[in-house]
Structures are given as structure tokens and as C-alpha cells.
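1. predicted model, plus sequence, below.
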Amino acid sequence: MTQPRGKRFPLALSDVMTKGTAPGAAARRPQPLRSAAPASVVRAAESVARAAAVGLASRPQPLGGAGAANGAGAAHEGLMNRMVERLRTAGIRDELVLDALRAVPRHGFVDSALGAQAYEDAALPIGQQQTISKPSVVARMLALASGGRRIGRALEIGTGCGYQAAVLSHLADDVYSVERLKWLHERAKRNLRPLRRVNIRLHYGDGHLGLPIAAPFDAIVIAAAALDVPTALIEQLAVGGRLVAPVGEHVQHLILVEKTSAAHWRETLLDPVNFVPMKFGVS
Ligand code: SAH
């Protein structure tokens, strides 16, 4: 990018455009992540550890019985409809995204002990000190990534428990999702199996590298925060494609990257958010 990264945050909290240059043009390099987790993440990790100690977290659970194979039972449908109506009231108006959220039973992606909270607008622990994103954040990111239209090929970085990939699979023809933690990669597979979404492919690996074998992507959604968007991911975005990611460390914001040509992209800094950090390597 043409602008030093440090200047971006003071400049703009919304709708400020900065111009990118070709990823190969020495302008943009992946930034090393600082190793220390932000205090909020440490706090989240601590509360997950406490939850695990009383048996709330970490134990993989099969999807609940109610209509697990193809959606939700009547009780869960009511909860899902109410969740979607609350999101609509909160300002999310993208009908494609709201329909996609309505199609995925969120309780199937958290431990059964947390099932009662599954339709609240809250991030919940999914084990390994990671969290399932809030429905409002998933909705916002997918609305930005889709731009109000159906997506052809989508890439998600940070599968976690698989919830966002499932929602995305109702908006996109093909979904690829990469997770760096084997335990969560396996858990997501188990969570997704009963939904029979044949257009989702899960990969175990470091999302900093993207998924060159399946590129280019019309949309890329990153579910963990880095200091800057990894170069490989901008390279793997199709011209006309849209990438959404949280960037920053202690203070994070969503960033929308729109690829305008093979060598140019536009960045828009948006809402403040709070994501787990994007880490290097696999584990
Ligand atoms: N998409 C999930 C949220 C996952 S939380 C949802 O539906 O709610 C973020 C996930 O990103 C974690 O599972 C974490 O392990 C993963 N992650 C962090 N760094 C990563 C990387 N470099 N590559 C792939 N996944 C990564």
C-alpha cells in the first residue's frame, strides 16, 4: 500500500479510501505479528479455561438431535428466526445474508452446555481458546464480502467450529476454509457433516498462505486479526473480488479490500471489532 500502515488508524475510522499497489511491487509485505496476545484475548482465554474447568468448554459434541441432518427442529427454527429479526432491527438489511443465517442452526456448533446461548448475539468458546464469532459480526462480514450479491468462490481463513463456513455456503457456490489448529479442523468437520453442505471444503494449514490451488477467490473472509492483510491473500483475490478482515492488535477494525485490477486495490477501514489473533504455522 502506498500509505504507511501506522498512518491508517489515526486517519480513518470509516469510509476512508487508501490505494494499494501490486503485491509484488515491494510496497506491501506481511507484517510480523507481535507474540503477546492483547489483554482482551488473554481475558477471553482465561474465561474459557475457567469454563473448561467446570465442564463447559472444550468437549466436542455431536450436533443436537433436533433435525440435525438438514437444519433445526421447530423450537430452534423459532430461535433462529428471532435472532435474524433482532439482527434486522440492529440494521443488517442484506436479505441474502439474513436468509443464510436463518438456514444454519448455530447450536450445532457449540457445546451442548452452551446451546441455550447459541442464538444470543454473543461470541462463545469453542475450545482451544478460540471463539465462535457473534452472529452480528458474521452477518456484517458476509454482507461486506458479498456486496449484496451471490458469491462464486469464497475463501475463509479461520474455520474455527465451522459456523461461518456453513452460513457462507448458502451465499457462495463454493466455500474453501482453512484452519491452523488440527483439533478445530477436525471438530468443524464433525459439526458440518450432518448439514451435508457439499460445497464446503475444509483445509488444515496456515491461512497466511491462502489456498493457491483454488485461487482466485471472489470473496475472502478472515476470522482472525493480523496487523495487516497477508499479501498472499490479496494476490489470491480475483479482480472485482472483496476481502474482509479484522486488522490491528489492541485496537482492531474491519477492513474491506476491493480489488480493482490485478495490481490495484482499495481499502476501507470500518467498524471496531475484537477478534482472536491470527497466528503463524499450524498446531
Ligand atoms: N469462523 C469461526 C470463528 C473462528 S475464530 C466462526 O464461525 O465463528 C478464529 C479462528 O482462526 C480460530 O479457530 C483460529 O485457530 C484460526 N486461525 C488463527 N490464525 C490462523 C491462521 N494463520 N490460519 C488459519 N486459521 C487461523
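-> That came in fine, so what should we check first? Numbers count the residues shown, from 1 in each chain.

2. hang on, K189 packs against L202?
-> Yes. Counting by CB atoms under 8 Å, L202 is a contact partner of K189 at 5.9 Å. C-betas here are computed from N, CA, C, even on glycine.

3. skipping adjacent residues, who's closest to I255 in space?
-> V247 (4.9 Å; CB to CB, 6 or more residues apart in numbering).

4. from H253, how far out is that neighbour?
-> Distance of V247 to H253, computed by CB to CB, to the nearest Å: 6 Å.

5. likewise D111?
-> Taking CB to CB, one finds D111 at 30 Å from H253.

6. that older thread, which helix or strand contains the residue nearest to I255?
-> strand 237-248 (DSSP states H and E).

7. pull that strand out as PDB, backbone CA atoms only.
-> Provided in PDB are the C-alpha atoms of strand 237-248 (Å, rounded to 0.1, in the frame of the first residue of the first chain):
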ATOM      1  CA  LEU A 237      -8.400 -12.200  -4.700                       C
ATOM      2  CA  ALA A 238     -10.000 -12.100  -8.100                       C
ATOM      3  CA  VAL A 239     -10.300  -8.700  -9.900                       C
ATOM      4  CA  GLY A 240     -13.600  -7.400  -8.700                       C
ATOM      5  CA  GLY A 241     -13.300  -9.500  -5.600                       C
ATOM      6  CA  ARG A 242     -13.800  -8.400  -2.000                       C
ATOM      7  CA  LEU A 243     -11.800  -9.300   1.100                       C
ATOM      8  CA  VAL A 244     -13.000  -8.600   4.700                       C
ATOM      9  CA  ALA A 245     -10.700  -8.900   7.700                       C
ATOM     10  CA  PRO A 246     -10.100  -7.600  11.200                       C
ATOM     11  CA  VAL A 247      -6.800  -5.700  11.400                       C
ATOM     12  CA  GLY A 248      -4.900  -4.400  14.400                       C
END
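
8. which stretches of the stretch 1-150 of the chain have low pLDDT?
-> 1-72 (pLDDT under 70).

9. which residue ranges form the strands in it?
-> 17-19, 124-127, 130-132 (DSSP state E, counting those that start in this stretch).

10. identify whichever of those lies nearest to the ligand.
-> strand 130-132 (3.8 Å; CB to the nearest ligand atom).

11. near the ligand, which residues of the stretch 151-283 of the chain are found?
-> Neighbours of the ligand within the stretch 151-283 of the chain, by CB under 6 Å from any ligand atom: 157-161, 163-164, 178-181, 184, 206-208, 223-224, 276, 278-279.
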